[in-house]
Structures are given as structure tokens and as C-alpha cells.
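> Just need the structure, nothing else, for what follows:
(2 chains)
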Amino acid sequence: MKRKNHIESEIVKTLKCFDEPGLKPSPFFAARVTAGIQEKTRPEAPVLSFRRWQPAVLVLAVVVNLVTATLYWTHRQRESAYRRQSLTRLFSEYGIQESVDPLDDIIISS
Amino acid sequence: MNNDALIEAVINKKPGAFRKLVEQYQEKVINTCYRFLRNVQDAEDTAQEVFMEVHRSIENFRRESELSTWIYRIAVTRSLDLIRKQKRKKRWAPLLSLDAFNHSTDALPDPESEDPHQNLERRERSEILARAVAGLPANQRIAVTLTQYQGFSYAETAKIMDTTQAAVESLLHRAKQNLRKKLTRYFQRFGPVSGRQNID
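The predicted model follows:
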């Protein structure tokens, strides 16, 4: 019974602590808020202009890639024809029997 | 300057108007955040976000409620959002929670008491009570924080919580019952605070 009363008095004392003093705001708080707002509202020029040009840059990159790929394939086909011609000429000149496709990099000659 | 004039001045970007608004409400906003977050730094950061949101959306403020009610509502929402974020963080990083615990025991300025024993006891009781309040369901916690700590009337609290006065009274009744249960369990387990001071 005594213990129960003791606990009750502890609870009552603790529940009175709601009236603890509050914080005093720092004298610079208003300045801090104003600075924060200015920071947020400042125009981010370089980032913004990049964002505006981003789709154009993307399209340009795709076009450059397509042109490069087309040039590469055209050039490769032309080079293959030239290589085949040169090899045939070489084989016929030296009388070598072709046992493999001359377009392969490894040439086995008898 | 009344609130309507102040709102107009802020919307029209009149120099110094927003600063005046901040100075008018900063103490209560910081303290509202502090009562939820129990950390001075977090409370100030959250209060700053509250005022930045006020600045951003004051043009959309429909004036159906008082300016103060609207601002305190933002403060409560922001504080609870941060608590939710911190809980999520703690779930994933148990080590961080130790750090958060250390920060959470930020002490308020000492009440002007000349007896250091009494002072210490009072601080410990405040901490126990704050932890008990933190363990209440969200709505009960908001009601207790706004009425008991911040001294808002039931009517003001009802407006901030967007509910009726009767609902606030009921929340407070349940909150007090829950607090009593929590404190009883605490003191049964750890013994009285006043006794502890004498052990040392």
C-alpha cells in the first residue's frame, strides 16, 4: 500500500513537469530563414540552361552516333572488297593455293 | 499590423514583412517542433523549413483559418514527418540510433532553481515524461504536446488538428490514462526518481 502511494506521488510529480521552460530562439533565426529563402529562390542559371538544352543534346548525340556507324560500315565494306582483291592478286602472282577464305586473318598456305 | 495586412505585405514582397512574420511566430514554432523532436538543432532546422514553406505557399493560403493555426499545423506535420524519417533511418541503421539517442537528450535551459538536486530531479522527470509522451499514439501525442507543453487552448488545438473540441478532450483523456499506465510501469521497474538522487 505504501509502495502504491509512493508510485502515485511520483506520477503526480512527473506529470507536473509539462510546464518546463521552452527554448528561446536564436537572435539570428529570422536572418537564417531569410538567407535560406534567398538561397532557394536564386536562379540556377547554368543548370537551368543545360536542362533546357538537354533534349537537343540527346538528339545530337544520337545523330552523331548514327552517322559514325553508317560511315564505319560503308568504309568496312569497301575495305573488305579491296582486301579480297589484293589477296587474290597475291595468290595468283605467287601460285599459292588458297585453302581458306582470304578474308580470314589466318592464312594457311600449302 | 494585423494578420491580414501582414499576409498582404508578405504576398506583395514588402521589405521586412516576412521577417516580421518570422519574428512574430518563431518562438512558438521552434518550441512546437522541439516538443516533438526533443533536439534543439532538429527543432531549429524544422522551424526553418516551416517558414520556408509558409513563404512558398502563403499566396495559396485561403484564410479559412487563422494564420497562426495554419503555421502551427505545418510545424506539427513537418515535425511528425521528421520523426517518421528518423524511425525509418533507425530501422536500417541501428548504430545511428545510438547517436540519435545521445542527441535526443538535449537539455532545456535550466529553470531558475537554486538547488542542484532539485534541478537534476526535475530534469530527469521532464525526460521521463517526454519519453512517455513520445510513446503515445500520434493523435494523442499531438493533443498533449499542443495543450500541455505549448499551452494552446482546446479550441486552438482542435483547429490545428482539424478536428472538434470534443475530439481533443477525448484524446487528452485517453492520453492521460496511457501516460499514467506508462509512468506506473516505469516507476515500478526503476523506482522513484527522488530516491535515486539520495543513492549517490
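> Work out for me the element A:Tyr82 sits within.
Using DSSP states H and E, A:Tyr82 maps to helix A:45-94.
> My error: substitute B:Lys13 in the last question.
Using DSSP H and E, B:Lys13 sits in no helix or strand.
> what sits against it?
Under the criterion of CB atoms under 8 Å, 6 or more residues apart in numbering or on different chains, B:Lys13 has no contact partners. Quick note: C-beta positions are derived from backbone N, CA and C, even for glycine.
> now do B:Cys33
Contacts of B:Cys33 by CB under 8 Å, 6+ apart are B:Asp42, B:Ala43, B:Glu44, B:Thr46, B:Ala47, B:Val50, B:Ala75, B:Arg78, B:Ser79.
> so what pLDDT did it get?
Predicted confidence (pLDDT) for B:Cys33: 94.
> Next, the buried residues of the host helix or strand of it.
Assigned by DSSP H and E, B:Cys33 belongs to helix B:17-37. For helix B:17-37, the neighbour count (16 or more other CB atoms under 10 Å in any protein chain shown) marks B:17-18, B:21-22, B:24-26, B:28-37 as buried.
> gap between that helix and the chain center?
11 Å (CA atoms, centre = their mean, to the nearest Å).
> Just after that helix, pick out the following helix or strand.
Downstream of helix B:17-37, the next assigned helix or strand under DSSP H and E is helix B:40-57.
> Could you list the buried residues of the helix or strand following that following helix?
Per DSSP H and E, helix B:40-57 leads on to helix B:67-92 as the next helix or strand towards the C-terminus. Within helix B:67-92, the residues that qualify as buried are B:67-76, B:78-79, B:82-83, B:86, B:90, counting by 16+ other CB under 10 Å.
> and what of stretch B:44-64?
Going by neighbour count (16+ other CB under 10 Å), the buried part of stretch B:44-64 is B:Glu44, B:Asp45, B:Thr46, B:Ala47, B:Gln48, B:Glu49, B:Val50, B:Phe51, B:Met52, B:Val54, B:His55, B:Ile58.
> Now render those residues as a markdown table, adding pLDDT and distance to chain A.
Putting the buried residues of stretch B:44-64 into a markdown table (pLDDT from 0 to 100; distance: CB to the nearest CB, whole Å) gives the following:
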| residue | pLDDT | distance to chain A |
| --- | --- | --- |
| B:Glu44 | 94 | 7 |
| B:Asp45 | 94 | 10 |
| B:Thr46 | 95 | 12 |
| B:Ala47 | 96 | 7 |
| B:Gln48 | 95 | 5 |
| B:Glu49 | 95 | 9 |
| B:Val50 | 95 | 9 |
| B:Phe51 | 95 | 5 |
| B:Met52 | 94 | 6 |
| B:Val54 | 94 | 9 |
| B:His55 | 93 | 5 |
| B:Ile58 | 91 | 12 |
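> what residues are up against the residue most central in space within chain B?
Chain B has B:Arg35 as the residue nearest its centroid, 2.9 Å off, counting by CA atoms, centre = their mean. B:Arg35 is in contact with B:Thr145, B:Tyr149, B:Gln150, counting by CB under 8 Å, 6+ apart.
> how close does the first one get to B:Ala166?
Translated: B:Thr145. 19 Å (CB to CB, to the nearest Å).
> more neighbours, these two?
B:Thr145 (25 against 10; other CB atoms under 10 Å in any protein chain shown).
> Was I right to think the more buried one contacts B:Ala134?
No - counting by CB atoms under 8 Å, B:Thr145 sits too far from B:Ala134 to count as a contact (9.6 Å).
> circling back to that earlier point, and the contacts of B:Arg35 as JSON lines, adding distance to B:Arg125 and pLDDT?
Listed next are those as JSON lines, based on distance: CB to CB, whole Å; pLDDT from 0 to 100:
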{"residue": "B:Thr145", "distance to B:Arg125": "17", "pLDDT": "93"}
{"residue": "B:Tyr149", "distance to B:Arg125": "14", "pLDDT": "91"}
{"residue": "B:Gln150", "distance to B:Arg125": "19", "pLDDT": "89"}
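> Of these, which is the nearest to chain A?
When the contacts of B:Arg35 are compared for distance to chain A (CB to the nearest CB), B:Tyr149 wins out at 5.8 Å.
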